[in-house]
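# show me how the following folds:
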Amino acid sequence: MKTMELSRRQFLKGAGALIVSFNLFPPARDVFAQFTTLPSGDLDPRSLDSWLAISPDGTVTFYTSKVEIGTGTITALAQIVAEELDVPFDRVKMVYGDTSQTIEQGSTTGSRSIERAGPQLRQAAAAARQELLKLASARLDVPIEKLAVQNGVVSVVGDPAKKVSYGQLIGGKRFNTTITATGSGGAMKVAPEVKAKNPKDYKIVGQPMKRMDLPGKLTGEYIYAHDVRIPGMLHGRVLRPPVVNTEPTNIDESLARKIPGFVKVVRQGSFVGVVAKTQWAAIKAAEALKVTWAEPTTKLPANPDALFAYLKNTKPARTLKPVDKGNLAEAFAQAKKTYQASYRWPFQLHGMIGPSCAVADVKGDKATIWSGPQGPFRTRTTVATLLKIPEQNVRVIYHEASGSYGRMSTDDGAEDAALLSRLAGAPVRVQWSRHDEHGWEPKGPAQLDEVKAAIDREGKLIAWDFVDYGQPWTASGSTPLLASLQVGIKPSGPGGSNGFQSGGEIYSVPNQKIVAAQVNWHFPEPIPLRTSNLRAPGQPARCFASECFIDEIAVDLRADPVEFRQRHLAQNKRGSECLNAATDKAQWEKRPSPAPASGGNIAKGRGVALTQRANTYVAAVAEVEVNKSTGQVVVKRIVCSHDCGLIVNPDGVKNQIEGNVLQGVSRALFEEVTFDANGVTSLDWNSYPILKFSDVPALEIVLINRPEMPSLGAGEPSIVPVPAAIANAIFDATAARLREAPFTPARVLAALKGTSAAS
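Numbers count the residues shown, from 1 in each chain. Here you go, the predicted model:
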């Protein structure tokens, strides 16, 4: 470990720290960022120099606030830059996630990084190419239209010997060029007046490229947030209350002070922590510190039944109606037949394999944070608010954490480290325990979905009434995080929305209403069942309900599930083609569900589901085996078709689909946060199991590339239909309908017996 620290010190330096910024590659020897700043101190997006720099050897360094969370985003963005500048892919270096070196482009969330940041980088690169051609025109004394670019070298058409490289034109110097930049964050429009390359001419975009971050990860040289060490750093632990977070009534330090390496106990409001010279000393001191907490004034729902009753019977804090058309009452009155069902989805964890971790160095009214947030500028804001200092006095330096999918939208570790550093008067590293991570991480909200539908005499849907009851995000960009709550910062609203897509809006139904009713989840105190965005927020649950309900109607009509869906996709060409792509690959046999009984203890079935997220379409076909004696479900095969518009990196998209599908299987079969009136009870991997390698199904992927369209998101959509497809496959195998996730053996056996199962 000591040797590794010395190695890092040799190539990571600045501001007196071993690690102060992150770059996938060592910086080019002679390139220096030459930023232009606004009066606020932030970089000026209207300055071309704020976006990129070119070294004398022709290396292009591009700056973005988007971050790498294991999804290949930075690699895809580098492809876009290389394509637009006509430079080799391996000559592009990406610097990202440092609030002092990048322009705020919004958080890396919502599967929107390529869709929104991609055009920003493309246009900035196009503007740079335009300026470079102007310089080359003057240097070579020929009109721009007589010039061609290849591999970062500008040459005269018909006279290739007459040439000049980008490095020779501007290497190490500023562009000093003003471009158009309007709006902010992900909505910022950058240099829209510059004509970018025609997609028909792409040579790099659309090609499989090896991930830029993987070599370091495979050799162990990659610097994760957990690896950061800085001189003079102490280690901290925060003591979370066992139940509901109330004021400590007594703190006994006597045993903690006896721990070798103990430094001090710190407190502000109900925030209590220990600081020590080593990680182990901090752990043991936290265990030895005796804190008595006041009795909580609010109790959680005691069990899932109480929770879902609370969701159903509590007035929503916010009601979203993405679809509201026609006359439902009239349609139901005229229907040949009506249907109704309820579906339940549990709280689920993000389940980071490595718990939250961050380092902070707070000195006076300035702070530097090393952490792995999906939104470095969002962390900058929350830390500044917590410490009551100007935002520009906080520098956040990104290092990838162990996992994400929404967990690092809420950067709890950074706030803990910042508060401990200020109270201790020294740099502090904080790493949560597994108990704390499972207990206190903000969960994906529980959801209750109720659906009613009606058909006409031809068996066509004429009415669709879908209501999703769930919680908004109590930990989000608009609400205080845990440390902030503990020092007295109060929430001013119910929190972020858990979304509304995948409630059946992809189907053509003349009378249709889809509602997302979000029930307030803030109690007088912060609670262990905090909520936030979990991959494809709210959609797996809504798709589970809507796509299983579609199947239930098809079963009643003795219709093939695919054919029944196609009947209602008449106006949705992309949805129809996506569904066909998956079922063709899976060699779907046209017949109604359930499958004919085959005898024996192992029942086999297939199921299908279709969805859309942010205009990306995904269909999934699942093949399962169900042990009718034990209730055990084995997912044998998943076929997934995926249409996300223009594909930048096919390998990257496949990587995303693979991760999504496997996480979808895990969430469908295993994952459920257990709790009682006192708090969370699933505090380790035994009580919160996840997918094992032995559970991984065969996976086949069909990519649908649409170069005529803009690039859309691939980071989240393919998780959405997986649970629904599995549930429909279980029904096809057993004729037992599951309306509550996860599909545990107990629930499967109960469904086979026609009873309800305990969790």
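# checking my notes, residue 607 in a strand, right?
Yes - counting by DSSP: H, G, I helix; E, B strand; the rest coil, residue 607 is part of a strand.
# what's near enough to touch it?
With C-beta atoms under 8 Å, 6 or more residues apart in numbering as the criterion, the residues that contact residue 607 are 551, 561, 593, 621-622, 624, 724-732. (C-beta placed from N, C-alpha, C; glycine too.)
# top of those by neighbour count?
residue 725 (35 neighbours; other C-beta atoms under 10 Å).
# element containing that one, please.
Taking DSSP states H and E as the criterion, residue 725 maps to helix 722-734.
# next helix or strand past that helix?
helix 745-753.
# quick one: that following helix to helix 722-734, angle?
Counting by axes from the mean of the first three to the mean of the last three C-alpha atoms, to 10 degrees, helix 745-753 lies at 40 degrees to helix 722-734.
# now helix 745-753: buried residues?
745, 747-752 (16 or more other C-beta atoms under 10 Å).
# what's the answer for stretch 163-183, then?
Buried, per 16+ other C-beta under 10 Å, within stretch 163-183: 163-167, 169-172, 175, 179, 181.
# which of those lies closest to residue 639?
residue 181 (43.2 Å; C-beta to C-beta).
# now do the SS call for the closest residue in space to that closest one that isn't next to it in sequence.
Nearest non-adjacent residue to residue 181, counting by C-beta to C-beta, 6 or more residues apart in numbering: residue 45, 3.8 Å away. Secondary structure, three-state DSSP: residue 45 is coil.
# report the contact partners of residue 45.
So residue 45 contacts 51, 103, 181, 188, 190 (C-beta under 8 Å, 6+ apart).
# my guess is the third one contacts residue 191, does it?
If I follow you right, that is residue 181. Yes - look at residue 181 against residue 191 with C-beta atoms under 8 Å: they come within range, at 7.4 Å.
# all helices of the stretch 451-600 of the chain, in order?
Using DSSP state H, counting those that start in this stretch, the helices of the stretch 451-600 of the chain run over 482-486, 539-556, 561-567, 573-585.
# residue 110 is nearest to which of the ones you listed?
Closest among the helices of the stretch 451-600 of the chain, using C-beta to C-beta: helix 539-556, at 11.4 Å.
# from the contact counts, what lies against the closest one?
strand 337-345, strand 447-455, strand 461-470, helix 561-567, strand 602-613, helix 650-669, helix 722-734 (3 or more C-beta pairs under 8 Å, 6 or more residues apart in numbering; DSSP states H and E).
# can you redo these as a markdown table with distance to residue 695 and mean pLDDT?
Converted to a markdown table, the helices and strands packed on helix 539-556 look like this (distance: least, C-beta to C-beta, whole Å; pLDDT from 0 to 100):
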| stretch | distance to residue 695 | mean pLDDT |
| --- | --- | --- |
| strand 337-345 | 20 | 98 |
| strand 447-455 | 24 | 98 |
| strand 461-470 | 27 | 98 |
| helix 561-567 | 25 | 98 |
| strand 602-613 | 16 | 98 |
| helix 650-669 | 7 | 97 |
| helix 722-734 | 12 | 98 |
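# most tightly packed of the ones you listed?
helix 722-734 (a mean of 29; mean count of other C-beta atoms under 10 Å).
# what angle sits between the helix holding residue 725 and strand 337-345?
Using the same axes, to 10 degrees: helix 722-734 against strand 337-345 is 120 degrees.
# tilt between helix 722-734 and helix 573-585?
Using the same axes, to 10 degrees, helix 722-734 lies at 50 degrees relative to helix 573-585.
# packing partners for helix 722-734?
Looks like helix 722-734 contacts helix 539-556, strand 602-613, strand 616-627, strand 633-643, helix 650-669, helix 745-753 (3+ C-beta pairs under 8 Å, 6+ apart).
# give me that answer again for 7 Å
Applying 3 or more C-beta pairs under 7 Å, 6 or more residues apart in numbering; DSSP states H and E, one finds that helix 722-734 contacts helix 539-556, strand 602-613, strand 616-627, strand 633-643, helix 650-669.
# from the chain's centroid, how far away is the second one?
Its chain's average C-alpha position is 24 Å from that of strand 602-613, according to C-alpha atoms, centre = their mean, to the nearest Å.
# can I get that strand in PDB? Just the C-alpha atoms.
This file holds the C-alpha atoms of strand 602-613, laid out as PDB (Å, rounded to 0.1, in the frame of the first residue of the first chain):
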ATOM      1  CA  ILE A 602     -39.900 -27.900 -13.900                       C
ATOM      2  CA  ALA A 603     -42.100 -25.600 -15.900                       C
ATOM      3  CA  LYS A 604     -40.800 -23.600 -18.800                       C
ATOM      4  CA  GLY A 605     -42.200 -20.300 -20.100                       C
ATOM      5  CA  ARG A 606     -41.500 -17.200 -22.100                       C
ATOM      6  CA  GLY A 607     -42.600 -13.600 -21.600                       C
ATOM      7  CA  VAL A 608     -42.300 -10.300 -23.400                       C
ATOM      8  CA  ALA A 609     -42.400  -6.600 -22.500                       C
ATOM      9  CA  LEU A 610     -42.000  -3.400 -24.400                       C
ATOM     10  CA  THR A 611     -41.200   0.100 -23.100                       C
ATOM     11  CA  GLN A 612     -39.900   3.600 -24.000                       C
ATOM     12  CA  ARG A 613     -37.700   5.800 -21.900                       C
END
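# now the angle between helix 573-585 and that strand, please.
Using the same axes, to 10 degrees: strand 602-613 against helix 573-585 is 160 degrees.
# neighbouring strands for strand 602-613, and are they parallel or not?
strand 616-627 (antiparallel) (DSSP bridges).
# export the strand it pairs with to CSV, keeping only CA atoms.
Extracted in CSV, the C-alpha atoms of strand 616-627 (Å, rounded to 0.1, in the frame of the first residue of the first chain):
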residue,chain,number,x,y,z
THR,A,616,-35.4,5.1,-26.5
TYR,A,617,-37.3,1.9,-27.2
VAL,A,618,-36.5,-1.4,-25.7
ALA,A,619,-38.2,-4.8,-25.9
ALA,A,620,-37.3,-7.9,-23.8
VAL,A,621,-38.1,-11.5,-24.2
ALA,A,622,-37.4,-13.7,-21.1
GLU,A,623,-37.2,-17.5,-20.9
VAL,A,624,-37.6,-19.0,-17.5
GLU,A,625,-37.7,-22.3,-15.6
VAL,A,626,-39.8,-22.6,-12.5
ASN,A,627,-39.5,-25.3,-9.9
